[in-house]
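Visitor: I'll drop the sequence and a predicted model, then ask my questions.
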Amino acid sequence: MNTPELSIVVCTFNRSDLLPYSLDSLAHQTLDKSRYEVIVVDNNSTDNTRDIALVYTKKYPNFRYEQEKNQGLSHSRNKGWKSAHGTYVAYIDDDAKAVPEWAEKIVDAFANITPSPTAVGGEIHPWYESDPPEWFEDKFEIRTWGEKPHFLDAAKARTGFSGSNMTFPKKLLLGYDGFSTHLGMVGNKTRMGEETEFFNRIYPSETGLWYDPSIRIYHWVPRRNMKVSYRLKRNYKAGAASAQFSSTKVFFPELGKFILYLFQVAYFIVRTRSKKVAVRLLQVCAWKTGFLAGKIYALFR
């Protein structure tokens, strides 16, 4: 097999029921198979993930199976780029499906966009296990930087792309030693922030982040993610993770403003009596609470 241009890394842990959907989408890309490889990184799965992955490696010469014994998504992502043969390393989750032209558009972006991008990313849309409840909004799960391709401005570049749809030159990952293993999912424990930390670390030295909404994937949304309790917990953790990378200082005036905001939200919810509006606002409150908690924790650490 010739040296591929693109290495696609699929980090997986006990998702044997969903993994075939992801791998099928990668097996049927419009990009010629000689130009890309797929690396399945198994992070100590206890189900039949290995058996499923090996079915694909036997069927498709450009598929490979790797194991990462250190538990954690960041460890697996680092294993992926270190094992990659390609010039560029793309990440997609084990519960996500890529559109057929996904890989081709990534390679074309690096080859044809001027100046050459530091990283390439695109949109993420939901793929639901069941019909969402009435109060649920698609935008809760959509990750987008707009309808037109463009280089991200400074504010967006600090956040970068979501982990399920981001691609880097391998030499960039090598130069910055990849992802922090102190952050990110560990088994079934929800932790966040490894992608944001990486984008913060490479900024402002590396600013050429190219976004194209047609570089799209569909991400699995199970029923449990469509519960209010899950939405609030996830937003709280996202806020706490963001606090680690923000230079914002937290003083008593900011706490006072936050308390006032909570009263305003409570009043608005009571007045509108709309669960959709309530969930939307409560998610913002959960994020702000997590952010403040993260900042206060840092003060006394």
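Guide: Received it, and whenever you're ready, just let me know what you need. Everything quoted here is computed from the prediction, not taken from an experiment. Residues are numbered from 1 along each chain as shown.

Visitor: quick one, helices of this structure?
Guide: Under the criterion DSSP state H, helices of the chain are mapped to 19-27, 49-59, 73-83, 102-112, 154-159, 170-175, 194-202, 228-243, 252-272, 275-300.

Visitor: buried residues in the first one?
Guide: Under the neighbour-count criterion of 16 or more other CB atoms under 10 Å, helix 19-27 has 19, 20, 21, 22, 23, 25, 26 buried. Quick note: C-beta positions are derived from backbone N, CA and C, even for glycine.

Visitor: Ok, the longest one next?
Guide: Buried residues in helix 275-300, counted by 16+ other CB under 10 Å: 278-283, 285-292, 294-295.

Visitor: In TSV: the helices of the chain, plus distance to residue 141.
Guide: Below are the helices of the chain laid out as TSV (distance: least, CB to CB, whole Å):
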stretch	distance to residue 141
helix 19-27	16
helix 49-59	24
helix 73-83	19
helix 102-112	18
helix 154-159	17
helix 170-175	27
helix 194-202	16
helix 228-243	10
helix 252-272	22
helix 275-300	12
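
Visitor: right, and the ones you listed - which one's nearest residue 34?
Guide: With CB to CB as the criterion, residue 34 lies closest to helix 102-112 of the helices of the chain, at 12.0 Å.

Visitor: which strands and helices sit next to the closest one?
Guide: strand 6-12, strand 88-91, strand 119-121, strand 166-169 (3 or more CB pairs under 8 Å, 6 or more residues apart in numbering; DSSP states H and E).

Visitor: Now do the buried residues in that helix.
Guide: Buried, per 16+ other CB under 10 Å, within helix 102-112: 102, 103, 104, 105, 106, 107, 109, 110.

Visitor: So which of those residues is the closest to residue 86?
Guide: Residue 86 lies nearest to residue 107 out of these, by CB to CB, at 9.4 Å.

Visitor: per-residue confidence at the closest one?
Guide: Residue-level confidence at residue 107 comes out at 98, pLDDT.

Visitor: Make 30 the first number, not 1, from now on.
Guide: Renumbered: residue one is now 30, and that last one reads residue 136.

Visitor: now it: how far from residue 64?
Guide: Distance from residue 136 to residue 64, counting by CB to CB, to the nearest Å: 7 Å.

Visitor: joint contacts of the two?
Guide: Counting by CB atoms under 8 Å, 6 or more residues apart in numbering, the contacts common to residue 136 and residue 64 are 34, 35.

Visitor: returning to that earlier point: can you redo the buried residues of helix 131-141 as JSON lines with distance to residue 192?
Guide: Shown next, in JSON lines, are the buried residues of helix 131-141 (distance: CB to CB, whole Å):
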{"residue": "131", "distance to residue 192": "15"}
{"residue": "132", "distance to residue 192": "17"}
{"residue": "133", "distance to residue 192": "21"}
{"residue": "134", "distance to residue 192": "18"}
{"residue": "135", "distance to residue 192": "15"}
{"residue": "136", "distance to residue 192": "20"}
{"residue": "138", "distance to residue 192": "18"}
{"residue": "139", "distance to residue 192": "19"}
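
Visitor: where does the protein dip in pLDDT?
Guide: Within the chain, the segments meeting pLDDT under 70 span 30, 213-222, 274-286, 292, 294, 296, 299, 326-330.

Visitor: how does it look with 90?
Guide: For the chain, the stretches flagged by pLDDT under 90 are 30-32, 101, 183-188, 191-192, 206-236, 255-330.

Visitor: who does the nearest residue to residue 190 once chain neighbours are set aside bridge with?
Guide: Excluding the flanking residues, the one nearest residue 190 by CB to CB, 6 or more residues apart in numbering is residue 150, at 3.0 Å. Beta-bridge partners for residue 150, by DSSP bridges, are residue 195, residue 240.
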